[in-house]
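Student: here is the input, now give the coordinates:
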Amino acid sequence: MSKPRSLALPPRTRAYRLSTARGDFAVLDTAPPAGTRPHGTALLLPGYTGSKEDFLALLGPLSEAGYRAVAVDGRGQHETPGPRGRAAYRRKALALDAVAQAAALGDGPVHLLGHSFGGLVARAAAALAPDAFVSLTLLSSGPGRVARPQRIRVRALRGALALLPKERVWQATRWLDSRGEEPDAADPPELVRFLRRRWMRTRIAQLAGAGRLLLADPDGTTALSGLPLPLHIAYGDEEMVWPVADLAAAAARTGAHHTVVAGAGHSPNVSHPAELAAGLAAFWDAVPELVSAGARAAGASTGPAGAARSRPAGTGGGPRGRAGTG
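Tutor: As a prediction, the model looks like this:
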């Protein structure tokens, strides 16, 4: 879970329900400043037990870089309603939601970013409908399995949700997050109220389904390599949910653009938004060139009748460092 440091909406941000072919989704939609040449639109998918507010600190820097940034609550998350049934939270259903959200934004193919569990959904959406997206970014999200301590934590949470009232699970989670200190002691009251409200509004079926997918997710590195999209793998050098070595290896194997944010943990979108935004904008700004190079390479290797791939092999080795561009 990401924990926003402030709940204030960035300038030029609208909170509304995005109507799609698969229902309405609560979003935060931040536009670039007036007079700025728009560079594109990014759709941001939050992680496990999270919500669109996890991107609040990132929306402003992305908009200042010329991008319309739209963060969304997935079905059953926070302010987006969701059914109770298990089938509604299967991988394909969530991927179809992301495809519908991209279409409803009305800006053509969009840059897709998934944070943590949102990366699993983003991978599935890109594989299902690659034409809906112009690029794919996995933020603090690997194509491999999560680290063992996190698997244990997810299993414990799913077990508690099956046995205990949701309020009891919330209190236990708060105590664990405080590392044994008095619950809520370090957080301002308005943030505690928000975190509790988000937890209570999120469907148990969504929490159980997302946890199940996290635990069962197979290594998707090979599938990522076959996607016809420019790929970006980004994370903090203090990431703890996915092993950093595995993320670096996946970036090398897939030829992905690769950004490591120095000093950041699992949520660079909260802790290092300016540095992360710089890395994202550098990648997104380069996407037209990557697509063009991929088409030329595919044409050279397959001839006029061959299908052009949008992402050439060997686009890795991209920006690294504290600012994401060093």
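Student: rest of the way, CA atoms for contacts and neighbours
Tutor: Will do.
Student: wait, doesn't Asp263 sit right on Asp237?
Tutor: That one is not Asp; residue 263 is Gly. Yes - with contact defined as Cα atoms under 8 Å, Gly263 counts as touching Asp237 (6.2 Å).
Student: so between these two, which is more surrounded?
Tutor: Asp237 (20 against 14; other Cα atoms under 10 Å).
Student: report the separation between the residue nearest to the more buried one when sequence neighbours are not counted and Arg12.
Tutor: Leaving aside its sequence neighbours, Asp237 sits nearest to Ala262 (Cα to Cα, 6 or more residues apart in numbering; 5.4 Å). Going from Ala262 to Arg12 by Cα to Cα, to the nearest Å gives 29 Å.
Student: so between the two, which is more surrounded?
Tutor: Counted by other Cα under 10 Å, Ala262 and Arg12 do not tie: Ala262 has more neighbours, with 19 against 15.
Student: remind me what the helix ranked longest in the chain packs against, helices and strands.
Tutor: For the chain, the helix with the greatest residue count under DSSP state H is helix 273-302. The contact analysis (3 or more Cα pairs under 8 Å, 6 or more residues apart in numbering; DSSP states H and E) places helix 273-302 against helix 56-64, strand 133-139, strand 257-261.
Student: so how far is the longest one from its chain's centroid?
Tutor: On the basis of Cα atoms, centre = their mean, to the nearest Å, helix 56-64 is displaced by 15 Å from the centre of the chain it belongs to.
Student: by contact count, what packs against that helix?
Tutor: Against helix 56-64 (3+ Cα pairs under 8 Å, 6+ apart) you get strand 23-30, strand 67-72, helix 268-271, helix 273-302.
Student: so for the shortest one, mean pLDDT?
Tutor: Looking at helix 268-271 alone, the average pLDDT works out to 97.
Student: output that helix as CSV, nothing but the C-alphas.
Tutor: Provided in CSV are the C-alpha atoms of helix 268-271 (Å, rounded to 0.1, in the frame of the first residue of the first chain):
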residue,chain,number,x,y,z
PRO,A,268,8.6,6.4,-5.6
ASN,A,269,5.3,8.0,-6.7
VAL,A,270,4.9,9.1,-3.0
SER,A,271,8.5,9.5,-1.8
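Student: okay, buried residues for that helix please.
Tutor: Going by neighbour count (16 or more other Cα atoms under 10 Å), the buried part of helix 268-271 is Pro268, Asn269, Val270, Ser271.
Student: which neighbouring elements make contact with the helix or strand hosting Ile152?
Tutor: Assigned by DSSP states H and E, Ile152 belongs to helix 148-163. Counting contacts by 3+ Cα pairs under 8 Å, 6+ apart, helix 148-163 is packed against helix 166-177, helix 204-216.
Student: which residues outside the longest one are in contact with it?
Tutor: If you take Cα atoms under 8 Å, 6 or more residues apart in numbering as the criterion, helix 204-216 is touched by 48-49, 75-77, 82-86, 89-91, 117, 120, 145-146, 151, 154-155, 158, 161.
Student: for burial, what's the neighbour tally of the residue nearest to Arg197 when sequence neighbours are not counted?
Tutor: Nearest non-adjacent residue to Arg197, counting by Cα to Cα, 6+ apart: His78, 7.8 Å away. Neighbour count of His78, defined by other Cα under 10 Å: 24.
Student: phi, psi for His78 please.
Tutor: For His78, the backbone dihedrals (degrees, to the nearest 10) come out as phi 50, psi -100.
Student: which residues touch it?
Tutor: Ser51, Arg197, Arg198, Trp199, Met200, Arg201, Thr202.
Student: which of these fall in helices?
Tutor: Per DSSP H, helices hold the following members of these: Arg197, Arg198, Trp199, Met200, Arg201.
Student: how much space between the closest residue to the last one other than its chain neighbours and Leu290?
Tutor: This points to Arg201. Once flanking residues are discounted, Arg201 sits nearest to His78: 5.0 Å by Cα to Cα, 6+ apart. Distance, His78 to Leu290, by Cα to Cα: 36 Å.
Student: go on, Gln206?
Tutor: Going from Gln206 to Leu290 by Cα to Cα gives 36 Å.
Student: now Leu9
Tutor: For Leu9, the distance to Leu290 (Cα to Cα) stands at 33 Å.
Student: residues contacting Arg253?
Tutor: Listed by Cα under 8 Å, 6+ apart, the contact set of Arg253 reads Thr221, Ser225.
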